[in-house]
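**Student:** Predicted model follows, preceded by the sequence.
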Amino acid sequence: NNFLYKRRIRMATDHKLRYVTSMLEFPSGAGKISALNAIILGEALASEENDLVFPSDDFARQAHVSSPQQYFEMYKRSVEDPDGFWSDIASQFYWKKKWDQPACSENFDWFKGGLTNICYNCLDRNIVSGNGDKIAIYWEGNDPGFQDSLTYSQLLDRVCQLSNYLKDVGVKKGDAVVIYLPMLMELPIAMLACARIGAVHSVVFAGFSSESLAQRIIDCKPKVVITCNAVKRGAKVIHLKDIVDTALAESAKNGISVDVCLTYENQIALKREGTKWKEGKDVWWQDLVPKYPTTCEVEWVDAEDPLFLLYTSGSTGKPKGVLHTTGGYMVYSATTFKYAFDYKPSDVYWCTADCGWITGHSYVTYGPMLNGASVVVFEGAPTYPDAGRCWDIVDKFKVTLFYTAPTLHVTRYSRKSLRVLGSVGEPINPSAWRWFFNVVGDSRCPISDTWWQTETGGFMITPLPGAWPQKPGSATFPFFGVQPVIVDEKGVEIEGECSGYLCIKNSWPGAFRTLYGDHERYETTYFKPFAGYYFTGDGCSRDKDGYHWLTGRVDDVINVSGHRIGTAEVESALVSHPKCAEAAVVGVEHEVKGQGIYAFVTLVEGEPYSEELRKSLTFTVRKQIGAFAAPDKIHWAPGLPKTRSGKIMRRILRKIASKQFDELGDTSTLAEPNVVEQLIELADR
Ligand code: WT7
């Protein structure tokens with residue numbers, strides 16, 4: 001073996017040499033961490049040299065983690081001594097009182113007994129350490145030419161004013177506040193203001209319809225809803241306050257009334273005149289909030305006190321309120337941000353996600369600000385007014401760390417400032433990876449293909465740029481403390497090269513704690529399918545070098561442009577249409593969105609197919625869920641393929657949707673075999 005290694009070393013170019021050397025120097029006793037064995041042994045270099053993309057020497061030299069060996073040592077400690085590993089990291093934050101037991105208890109509480117505040121750690125702590133004048137937020141509006149910024153000190157002032165206002169209207173520790181705002185600076189301000197006083201924010205993406213918003217308000221019963229009058233999205237003005245009014249009326253019908261609707265006047269989109277107003281409940285942000293003092297006492301909360309609720313889709317029609325607590329989430333979002341993007345204080349960071357999704361929680365607001373980073377917050381769409389908008393913004397703010405879903409087009413801009421690229425939301429295929437790497441990053445910037453979920457709070461499987469060679473399309477290795485396992489359908493862990501269901505063993509600090517109001521669903525959805533593990537809902541394979549390749553959802557959830565949508569939600573919207581008898585929704589590959597929504601619809605008896613009806617069905621989904629959930633395709637279905645026990649055979653529908661008519665597989669369990677032929681006949685070719 002030694003001979004082989006030596007030969008490889010001789011064959012390797014300079015920077016590869018460094019990797020081979022560090023692989024050779026790996027401590028023995030890798031033990032159970034088999035995922036890493038291959039790379040440790042240098043096997044990765046043996047046959048697939050051409051598939052590996054190495055970080056440059058310059059990059060690796062300055063990186064927080066600059067060799068496989070360094071990663072491995074840290075990883076090993078993180079799983080063998082989680083208490084020591086995470087306690088050391090957590091100690092870098094401010095705690096009013098330290099936790100009084102091991103970092104992670106037997107029932108997976110993190111830092112319990114410790115008193116802290118995430119807003120204090122994001123703002124006051126950075127100001128105390130001398131960074132008050134550093135830019136916290138660079139804001140760029142929907143229309144080019146509109147921009148603004150806040151330093152950390154200015155941001156703290158704004159946050160405190162809102163915290164004081166919320167306290168004044170009776171919001172207390174543990175109360176819910178719903179935030180329905182576009183990407184104005186007021187959105188992170190509102191999140192931080194809630195956190196400062198121990199209130200639990202629930203941000204609802206401002207693309208959700210009034211019905212979806214009402215559903216969430218009814219579930220979490222907020223004291224206050226924070227919104228704005230209107231927003232410009234591209235060239236269109238959307239009246240958010242009207243949507244909120246409809247949602248509040250709907251909630252009231254269900255016995256949930258909200259005390260206050262605080263509305264920010266977004267003058268750039270629309271002046272306040274003409275906005276419908278209810279005295280006593282409706283108040284303008286600008287009229288009240290600026291009158292409050294710019295300092296506000298911090299509410300010290302237990303590490304296990306709830307920080308936020310975020311609704312996400314599952315495989316039933318009812319969204320799940322994912323609950324994250326304070327201490328573990330704080331430590332985890334900050335640490336994953338620092339390492340996966342190799343964050344340095346001189347960086348300018350931009351994540352294109354909206355704060356309405358988990359990405360915007362962990363990697364627009366909390367993760368970056370806990371690190372004292374300068375963050376770009378962008379209100380608009382990456383393609384407005386044209387496809388060059390993103391690169392225009394990158395050049396303008398000299399963005400060094402750019403995190404997005406890579407479906408963008410690059411034009412005349414320089415992008416010289418970029419250092420690390422991040423990708424999220426869906427598996428990135430190797431050709432898209434190469435485009436991102438070669439074209440966007442000029443073959444200079446490592447790519448962090450970050451795999452994680454709303455539930456995980458932060459990155460779970462992600463490259464650490466600089467640490468090891470990458471394979472285009474692979475999310476590579478687990479983050480510190482994360483123990484991914486791949487199991488077969490019986491729940492038996494499979495070792496080595498394999499593919500199956502991705503589960504996680506043990507806990508990590510960023511893990512969610514429950515589904516709000518439905519702990520039983522939390523248990524059955526995530527911990528029942530495979531005893532002893534957290535089940536992710538994703539398929540995954542691991543190659544012989546230990547690299548992980550995510551293969552997409554294995555449940556009835558689809559991922560559209562990084563937005564998670566339960567097929568059952570779209571189906572229940574469709575069947576609420578008076579002319580729809582039954583519907584089945586599947587995901588299909590989509591060039592731009594990753595996955596598109598493909599709906600098979602059976603109409604009520606005697607109803608003729610028409611374009612108009614198609615439009616009206618689509619409208620129903622937009623209205624009930626939001627525009628982003630509208631089906632890309634409606635396929636008329638005289639009947640749906642079902643088993644004799646009445647279960648829809650989605651596997652067959654997926655094949656029909658992707659026009660793989662010759663690959664339908666076993667159809668012998670179909671109750672009515674001719675249904676399939678009818679569906680094929682009605683497909684466009
Ligand atoms: C699902 C979670 C986590 C932020 C955005 C979505 C898919 C996410 C990747 C990736 C392959 C990915 C998974 C996962 N996903 N990142 N890098 N490679 N798939 O959050 O709405 O909770 O969706 O997104 O299927 O389960 P989410």
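**Tutor:** Good, I have the coordinates. No experiment lies behind these values; they were computed from the predicted model shown.

**Student:** I figured residue 427 hits residue 551, correct?
**Tutor:** Yes: assessed by C-beta atoms under 8 Å, residue 427 is found in contact with residue 551 at 6.6 Å. From N, CA and C alone the C-beta is placed, and that goes for glycine too.

**Student:** Between those two, which is the more surrounded one?
**Tutor:** residue 427 (22 against 13; other C-beta atoms under 10 Å).

**Student:** Buried residues, stretch 117-128. List them.
**Tutor:** Residues 117-127 are the ones in stretch 117-128 that count as buried (16 or more other C-beta atoms under 10 Å).

**Student:** before we move on, back to that, shared neighbours of residue 427 and residue 551, which are they?
**Tutor:** By C-beta atoms under 8 Å, 6 or more residues apart in numbering, residue 427 and residue 551 have no common neighbours.

**Student:** so what's residue 35 scoring on pLDDT?
**Tutor:** As predicted, residue 35 sits at a pLDDT of 36.

**Student:** contacting residues around the residue of the stretch 351-500 of the chain found nearest the ligand?
**Tutor:** Of all residues in the stretch 351-500 of the chain, residue 454 sits closest to the ligand, at 3.4 Å by C-beta to the nearest ligand atom. Contact partners of residue 454, counting by C-beta under 8 Å, 6+ apart, are 310, 312, 322, 357-358, 512, 564.

**Student:** Now narrow those residues to whatever sits close to the ligand.
**Tutor:** Of the residues in the contacts of residue 454, proximity to the ligand by C-beta under 6 Å from any ligand atom holds for 312, 358, 564.

**Student:** What is the helix or strand encompassing residue 177 packed up against?
**Tutor:** Per DSSP states H and E: residue 177 is located in strand 176-179. Here strand 176-179 touches helix 186-196, strand 200-203, helix 210-220, strand 224-228, going by 3 or more C-beta pairs under 8 Å, 6 or more residues apart in numbering; DSSP states H and E.

**Student:** who does it pair up with?
**Tutor:** In the sheet, strand 176-179 lines up against strand 200-203 (parallel), strand 224-228 (parallel) (DSSP bridges).

**Student:** and among those, the most buried is which?
**Tutor:** Among those, strand 224-228 has the highest mean neighbour count (mean count of other C-beta atoms under 10 Å), at a mean of 27.

**Student:** Now do the nearest residue to residue 70 once chain neighbours are set aside, the pLDDT please.
**Tutor:** Excluding the flanking residues, the one nearest residue 70 by C-beta to C-beta, 6 or more residues apart in numbering is residue 467, at 6.9 Å. pLDDT recorded at residue 467 is 92.

**Student:** can you give me the helices for the stretch 1-150 of the chain?
**Tutor:** Applying DSSP state H, counting those that start in this stretch to the stretch 1-150 of the chain gives helices spanning 2-11, 14-24, 37-41, 43-47, 57-62, 68-80, 82-90, 118-122, 124-126.

**Student:** hmm, stretch 395-403 in reach of the ligand?
**Tutor:** No: using C-beta under 6 Å from any ligand atom, stretch 395-403 stays clear of the ligand, coming no nearer than 10.3 Å.

**Student:** now do stretch 418-435
**Tutor:** Yes: Stretch 418-435 is in contact with the ligand by C-beta under 6 Å from any ligand atom, via 424-427.

**Student:** Filter these down to the buried ones and hand me the PyMOL line.
**Tutor:** Paste this into PyMOL to select the buried members of the residues of stretch 418-435 next to the ligand, with burial taken from 16+ other C-beta under 10 Å:
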select buried, resi 424+425+426+427
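
**Student:** Would you convert the residues of stretch 418-435 next to the ligand into a markdown table that also reports pLDDT, secondary structure and distance to residue 417?
**Tutor:** Conversion of the residues of stretch 418-435 next to the ligand to a markdown table gives the following (pLDDT from 0 to 100; DSSP: H, G, I helix; E, B strand; the rest coil; distance: C-beta to C-beta, whole Å):
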| residue | pLDDT | secondary structure | distance to residue 417 |
| --- | --- | --- | --- |
| 424 | 90 | coil | 21 |
| 425 | 84 | coil | 24 |
| 426 | 81 | coil | 26 |
| 427 | 82 | coil | 28 |
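
**Student:** Identify, from the residues of stretch 418-435 next to the ligand, the entry nearest to residue 414.
**Tutor:** residue 424 (24.5 Å; C-beta to C-beta).

**Student:** so who does that closest one touch?
**Tutor:** 353, 359, 403-405, 449-452, 562.

**Student:** Phi first, then psi, for it.
**Tutor:** Backbone torsions of residue 424, given as degrees, to the nearest 10, read phi -160, psi 160.

**Student:** Contact partners for whatever residue of the stretch 151-300 of the chain ends up closest to the ligand?
**Tutor:** In the stretch 151-300 of the chain, the residue that lies nearest the ligand is residue 205 (10.6 Å; C-beta to the nearest ligand atom). When contacts are counted by C-beta under 8 Å, 6+ apart, residue 205 touches 354, 356-357, 563, 626.

**Student:** Equivalent analysis for residue 609, please.
**Tutor:** Counting by C-beta under 8 Å, 6+ apart, residue 609 has contacts 603, 636.

**Student:** 10 Å instead?
**Tutor:** Going by C-beta atoms under 10 Å, 6 or more residues apart in numbering, residue 609 touches 601, 603, 634, 636, 682.

**Student:** hmm, which of those are the buried ones?
**Tutor:** Here, 16+ other C-beta under 10 Å leaves 601, 603, 634, 636 buried among the contacts of residue 609.

**Student:** The second one contacts residue 580, correct?
**Tutor:** Yes: in this structure, residue 603 is within contact of residue 580 by C-beta atoms under 10 Å, at 6.4 Å.

**Student:** now could you export just the CA positions of the strand holding residue 177 as PDB?
**Tutor:** Provided in PDB are the C-alpha atoms of strand 176-179 (Å, rounded to 0.1, in the frame of the first residue of the first chain):
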ATOM      1  CA  ALA A 176     -46.600  34.400  19.400                       C
ATOM      2  CA  VAL A 177     -46.200  37.200  16.800                       C
ATOM      3  CA  VAL A 178     -46.900  36.600  13.200                       C
ATOM      4  CA  ILE A 179     -44.700  38.400  10.700                       C
END
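
**Student:** my read: residue 665 touches residue 655, true?
**Tutor:** Yes: counting by C-beta under 10 Å, residue 655 is a contact partner of residue 665 at 7.1 Å.

**Student:** what touches both of these two?
**Tutor:** With C-beta under 10 Å, 6+ apart as the test, residue 665 and residue 655 both reach residue 649.

**Student:** quick one, which of the two is more surrounded?
**Tutor:** Higher neighbour count among residue 665 and residue 655: residue 655, with 19 against 10, using other C-beta under 10 Å.

**Student:** What strand or helix carries residue 545?
**Tutor:** Using DSSP H and E, no helix or strand contains residue 545.

**Student:** related to what we said a few turns ago, can you lay out the contacts of residue 454 as a markdown table showing secondary structure and pLDDT?
**Tutor:** Shown next, in a markdown table, are the contacts of residue 454 (DSSP: H, G, I helix; E, B strand; the rest coil; pLDDT from 0 to 100):
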| residue | secondary structure | pLDDT |
| --- | --- | --- |
| 310 | strand | 98 |
| 312 | strand | 93 |
| 322 | strand | 98 |
| 357 | coil | 95 |
| 358 | helix | 96 |
| 512 | coil | 98 |
| 564 | strand | 87 |
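
**Student:** Buried among the residues you listed? Need that as a selection in PyMOL.
**Tutor:** In PyMOL syntax, the buried subset of the contacts of residue 454 is picked out as below (16+ other C-beta under 10 Å):
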select buried, resi 310+312+322+357+358+512+564
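
**Student:** Can you add distance to residue 188 and give the contacts of residue 454 back as TSV?
**Tutor:** Shown next, in TSV, are those (distance: C-beta to C-beta, whole Å):
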residue	distance to residue 188
310	15
312	20
322	19
357	14
358	14
512	21
564	22
